[in-house]
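1. My questions are about this predicted structure, shown below with the sequence.
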Amino acid sequence: MPEVRVASFDRFRRSHEFWLLMVILGLCASLGFANAQFLTMQNLFDLLTSYAFVGILALGLLVVLIAGGIDISFTATASVAQYVTLSLANAYGANWISVFAIAIGIGGALGALNAIFIQKLRIPSIIVSVATLNIFYGLLIFFTGGKYIYSLPDWFATGIFWFEFEWGKDSSYGVNLQILALALAFLVTWLLLNRTNIGRQIYAMGGNADAAQRLGFHVFGLNILVYCYMGVMAGIASLIQAQLAQSVAPTVLVGKELDVVAAVVLGGASLMGGVGTVFGTFLGLTLLAVLQNGIVLLGVSSYWSPFFVGLVILISVSATAWSQRERRTRSARQ
């Protein structure tokens, strides 16, 4: 048993996730030293709540990337699911189960539409998702006129707040809707990828789709599943974002694709497919949140945020590519 633990730690120490974790710890220590507010419970709670939307979308995108595809239409999907679901809730009444069922159904249907175009028409996934991003968003703006919804059902606006506890003077914390949804999304995605036969097939298809087809995998069905999963995550994320913002803004979500892609790519997922982990995505999301929050706390202009995010993505992807090339070189020599 000790030998197994040592071997497991050695594998982890050589992984992308280990070095990403070291970067996060170093960055957190530096920011905590530079600004005492960074490591406060209030700031950490706010980070969990505000980045739940990005995190849930990142988990959906992780599954798509592992399968060898790509989807950047998720913000438009989320915008449509959010607006339609809460419009229906206002008009006809609803509860938590029904609003999530409607949002998940809309997201899953739009995700399936992407998969059908990609698989049946053999169109590259990046082209399809760029097209559907603009189609979904354009139709939403046309039919809604870009009007915001400020009046939400009382039970939805109130949200949930479980396991409340006090921390410090006049401060209470607990599990809100955003944190609960993020935790469940991580759990379900981890189970899907690591504890099911479908998860193993998704990895295999992403590694080599032609070989997976020859082995008898239902490639079309798997693609429907992964793009539907992305849509489902978009539907869930749309509701927790609306509850946090206390309004529905059809023009706000589109444009946040970079943060989602950044979290997944920073976590070590490959744009070529077949590579990626839930733990890596968690670390990527954490690094993104810490980086952007640190910029604010240090008083740096928010205009620099996209620059630093893009720079970190470039460095991360370059380091991953270099590491893979070194491993291939060592394997060839052996």
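-> In hand now; what should we look at? Numbering: from 1, shown residues only.
2. Report the next helix or strand after whatever helix or strand Phe163 lives in in sequence order.
-> Using DSSP states H and E, the element containing Phe163 is strand 161-166. Under the assignment DSSP H and E, the closest C-terminal helix or strand after strand 161-166 is strand 172-176.
3. which parts of that next one are buried?
-> When neighbours are counted by 16 or more other Cβ atoms under 10 Å, the buried residues of strand 172-176 are found to be Tyr173, Asn176. Yep, even glycine has a C-beta here, placed from its N, CA and C like the rest.
4. Show residues contacting it.
-> Contact partners of strand 172-176, identified using Cβ atoms under 8 Å, 6 or more residues apart in numbering, comprise Met41, Phe45, Thr49, Gly159, Ile160, Phe161, Trp162, Phe163, Glu164, Phe165, Glu166, Trp167.
5. I'd say the fourth one and Gln246 touch.
-> Put plainly, it is Gly159. No - with contact defined as Cβ atoms under 8 Å, Gly159 does not count as touching Gln246 (9.4 Å).
6. Tell me which of these two has more neighbours.
-> Legend: neighbour count by other Cβ atoms under 10 Å for Gly159 and Gln246, higher for Gly159 (15 against 11).
7. Next, the distance between the ends of stretch 160-178.
-> Stretch 160-178 has its terminal residues 9 Å apart, counting by Cα to Cα, to the nearest Å.
8. So for that stretch, mean pLDDT?
-> Stretch 160-178 shows a mean pLDDT of 81.
9. buried residues in that stretch?
-> With burial defined by 16+ other Cβ under 10 Å, the residues of stretch 160-178 counted as buried are Tyr173, Asn176, Leu177, Gln178.
10. Which secondary structure elements does whichever strand or helix holds Gln243 sit against?
-> Using DSSP H and E, Gln243 sits in helix 219-245. Packing contacts for helix 219-245, counted by 3 or more Cβ pairs under 8 Å, 6 or more residues apart in numbering; DSSP states H and E, involve helix 52-66, helix 74-92, helix 96-120, helix 154-158, helix 177-194, helix 197-207, helix 209-214.
11. Counting neighbours, which bits of the shortest one end up buried?
-> By that I understand helix 154-158. Neighbour counts over helix 154-158 (16+ other Cβ under 10 Å) mark Phe156 as buried.
12. How far off centre is that helix?
-> Remark: helix 154-158 is offset 25 Å from the chain centroid, using Cα atoms, centre = their mean, to the nearest Å.
13. who touches that helix?
-> So helix 154-158 is contacted by Leu86, Ala89, Asn95, Trp96, Val99, Ala242, Gln243, Gln246 (Cβ under 8 Å, 6+ apart).
14. out of those, what pair is the most spread apart?
-> Farthest pair in those (Cβ to Cβ) is Asn95 and Gln246. Separation: 18.4 Å.
15. So of the buried residues of stretch 160-178, which two are at opposite extremes in space?
-> Tyr173 and Leu177 (14.0 Å).
16. Report the contact partners of Gly206.
-> Contact analysis of Gly206 by Cβ under 8 Å, 6+ apart lists Leu65, Ile66, Ala67, Gly68, Gly273, Gly274, Val275.
17. By neighbours, which of the residues you listed wins?
-> Of all these, Ala67 has the most neighbours under the rule other Cβ under 10 Å, reaching 30 neighbours.
18. could you measure the closest residue in space to that residue that isn't next to it in sequence against Asn35, distance?
-> Using Cβ to Cβ, 6 or more residues apart in numbering and skipping residues adjacent in sequence, the residue nearest Ala67 is Val226, 4.4 Å away. Plainly put, Val226 is 40 Å away from Asn35 if you go by Cβ to Cβ, to the nearest Å.
19. Over to Val84?
-> 41 Å.
20. and those two? which has more neighbours close in?
-> Val84 (20 against 17).
21. Roughly how far does the nearest residue to that one once chain neighbours are set aside sit from Leu298?
-> Distance criterion Cβ to Cβ, 6+ apart; nearest residue to Val84, sequence neighbours excluded, is Ile106 at 5.9 Å. Distance of Ile106 to Leu298, computed by Cβ to Cβ: 40 Å.
22. ok, the two, which is more surrounded?
-> Ile106 (23 against 11).
23. and the most centrally placed residue in the chain, what pLDDT?
-> By Cα atoms, centre = their mean, the mean C-alpha position of the chain lies nearest to Ala58, the distance being 1.3 Å. Model confidence at Ala58, expressed as pLDDT, equals 97.
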